[in-house]
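**Q** sequence unknown, structure follows:
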């Protein structure tokens, strides 16, 4: 076999190994090859991983246990989503199911629009919501589901939201909700009777740093740092401290990164990446998150953009892999799920439900323990469960 680069040599069929010398000190790292992939694809993935490891060894990535963490995170083969037939068993009539997340107890939580529908009459040319006079949605819009049967365990959100979009639940149980009609993002703490933080101005779209315009999604780091995708109008991502202080706008000079409807966000903290479903650019793009500080020479964003990817609606992470779903793009591009490896900048798997086809996926989420994945759709308004299994 031919080595992927001059730095790499193949040892049998089990691993690719790189050796180099820095300041008269030799370094050596190996990346494992897994069964079920072509040799060329494996070598591309291994080469990317080795280059990442070399970057860590040279001190360009953060953390005291950089390589140890790296090896622990990339070693497992990604779990394949397998559709759980017959789930949910008993679920009431749903409106457009725009968002899903999973709480620390492993319960999927969905955000739906009840009787309200987003159509051509919903917003005017300046992005103002046109049905304010109808008031907020008069039904519970947040539903907590039983992970085994899919029945509703709890619900709330009646008369609070105008056009639900995204939901994210942090590791400590804080719930972040986006409303594209209100142009706001809300943080609800466990047991709270009112939001503890609000971003954006009620019913007022804008492009200034104090405004949002149809915000789509939120990602929350374990440190409490918050990323808000702002969204349909501004096509930017805002980074805030845990106290709500604006830290950064993505993209910003000298970043060569142009977003077109950042529709969903997912953090790969072990690799310090913020992965974005860049919907209308039909790609998954992952700039450096900067959770452990930023350097003057930031690497270019990781980009996954392949002919069959189409318009990417949602992303979620499990370990160092990213799961994604596309939506209707063209008759030549199937609507389905993807498993993405950011380090090789490639799609490593495709997946679908077994007894039905995905038609209009809008959101997805992975359970905290990595055992389940949930996908929600709009028209048909439904939620699907997939078991994540390896081997």
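**A** Ah, there it is. Small disclaimer: the values here were computed from a predicted structure and weren't measured.

**Q** which stretches of the stretch 201-350 of the chain aren't confidently modelled?
**A** Scanning the stretch 201-350 of the chain for pLDDT under 70 picks out the ranges 254, 294-297.

**Q** one more time with 90, if that's ok
**A** 252-257, 292-300 (pLDDT under 90).

**Q** ok, now the stretch 51-200 of the chain?
**A** 51-77, 89-93.

**Q** Would you mind listing the residues in contact with the nearest residue to residue 321 once chain neighbours are set aside?
**A** The shortest distance from residue 321 to any non-neighbouring residue, by C-beta to C-beta, 6 or more residues apart in numbering, is to residue 78 (4.3 Å). Any C-beta I mention is one placed from the backbone N, CA and C, and that applies to glycine too. By C-beta atoms under 8 Å, 6 or more residues apart in numbering, the residues touching residue 78 are 318-319, 321, 339, 341, 348-349, 390.

**Q** Tell me which two of those residues sit farthest apart.
**A** Spatially, the most separated pair among those is 341 and 390, at 14.7 Å (C-beta to C-beta).

**Q** the more surrounded of the two?
**A** residue 341 (22 against 9; other C-beta atoms under 10 Å).

**Q** Would you quantify the distance from the closest residue to the more buried one other than its chain neighbours to residue 306?
**A** In space, and not counting its chain neighbours, residue 341 is closest to residue 348: 5.0 Å by C-beta to C-beta, 6+ apart. In this view, residue 348 and residue 306 are 11 Å apart by C-beta to C-beta, to the nearest Å.

**Q** Now, the contacts of residue 78 that are in strands?
**A** Those of the contacts of residue 78 mapping onto strands are 318, 321, 339, 341, 348-349, per DSSP state E.

**Q** Now for the nearest residue to residue 164 once chain neighbours are set aside: which residues touch it?
**A** Among residues not flanking residue 164 along the chain, residue 111 sits closest, at 4.6 Å (C-beta to C-beta, 6+ apart). Residue 111 is in contact with 97-100, 141-142, 157, 164-167, 177, counting by C-beta under 8 Å, 6+ apart.

**Q** Reformat those as JSON lines; add secondary structure and distance to residue 216.
**A** Listed next are the contacts of residue 111 as JSON lines, based on DSSP: H, G, I helix; E, B strand; the rest coil; distance: C-beta to C-beta, whole Å:
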{"residue": "97", "secondary structure": "strand", "distance to residue 216": "15"}
{"residue": "98", "secondary structure": "strand", "distance to residue 216": "9"}
{"residue": "99", "secondary structure": "strand", "distance to residue 216": "9"}
{"residue": "100", "secondary structure": "strand", "distance to residue 216": "14"}
{"residue": "141", "secondary structure": "coil", "distance to residue 216": "16"}
{"residue": "142", "secondary structure": "strand", "distance to residue 216": "17"}
{"residue": "157", "secondary structure": "coil", "distance to residue 216": "18"}
{"residue": "164", "secondary structure": "strand", "distance to residue 216": "11"}
{"residue": "165", "secondary structure": "strand", "distance to residue 216": "6"}
{"residue": "166", "secondary structure": "strand", "distance to residue 216": "5"}
{"residue": "167", "secondary structure": "strand", "distance to residue 216": "11"}
{"residue": "177", "secondary structure": "strand", "distance to residue 216": "12"}
